[in-house]
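Novice: predicted model and sequence below, questions to follow.
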Amino acid sequence: MNEDFLRIPKARVRALIGIGGRTKRELSKKSNCTIEASREGDVTVFGEDPLSVFNLKNVIKAIGRGFSAKDAYRLFSGDETLSIINVPEIVGEREKTIVRMKSRIIGSGGRSKEHIEYATNTRIAVYGKTISIIGKHDDVADAEGAISMLLGGATHKSAFSAIQRRKTSR
């Protein structure tokens, strides 16, 4: 029996469990693993297959980073990956700067985030001090590039243009 442990934010435990335990049951069924979760956010995953445990752990991590269960399920396909960008590592620890930079990624009415998602065929979650991306490896790299540019102070126009240049150069 393989076992792995992870921690998710307390506020995301309800999203992991789901209404009446539905999400937790679906995750267990899809992965053929068992999940134990505490109200404090401590999660243990048990399973016979180490790859199943690893994949389930990534799905739970994605839910913990703000993705819906539906978006996180994409990680079960094996074609998609999860990337987590820790904003303070890039912009520093000042809370005002972190909030401002997260706002640049989201954009007015969520349009910047939606534009990056659409252009790269990814899903993006901005939660806590992280920005997370789910998608195919090359698409995630394109989204990471645009997000890094925005966090570095580039204009939205230049970040969006960079996505198009990367896509056409492949």
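Specialist: Yep, it's here.

Novice: CA only for contacts and neighbour counts going forward, please
Specialist: Fine.

Novice: quick one, domains of the chain?
Specialist: Using automatic domain parsing, the domain ranges for the chain come out as 2-77, 80-168.

Novice: put the alpha carbons of the helix or strand of the chain with the lowest mean pLDDT into PDB.
Specialist: The helix or strand of the chain with the poorest confidence is helix 87-91; it has a mean of 88 (mean pLDDT, DSSP states H and E). The C-alpha trace of helix 87-91 is given here as PDB (Å, rounded to 0.1, in the frame of the first residue of the first chain):
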ATOM      1  CA  VAL A  87       4.000  35.100  -6.400                       C
ATOM      2  CA  PRO A  88       6.200  36.300  -3.500                       C
ATOM      3  CA  GLU A  89       9.200  34.500  -5.000                       C
ATOM      4  CA  ILE A  90       8.900  36.800  -8.000                       C
ATOM      5  CA  VAL A  91       7.600  40.100  -6.700                       C
END
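
Novice: residue contacts, the closest residue to Tyr73 other than its chain neighbours?
Specialist: What sits nearest to Tyr73 in space, not counting adjacent residues and going by C-alpha to C-alpha, 6 or more residues apart in numbering, is Val59, at 6.4 Å. Val59 makes contacts with Ala69, Ala72, Tyr73, Leu75, Phe76, as judged by C-alpha atoms under 8 Å, 6 or more residues apart in numbering.
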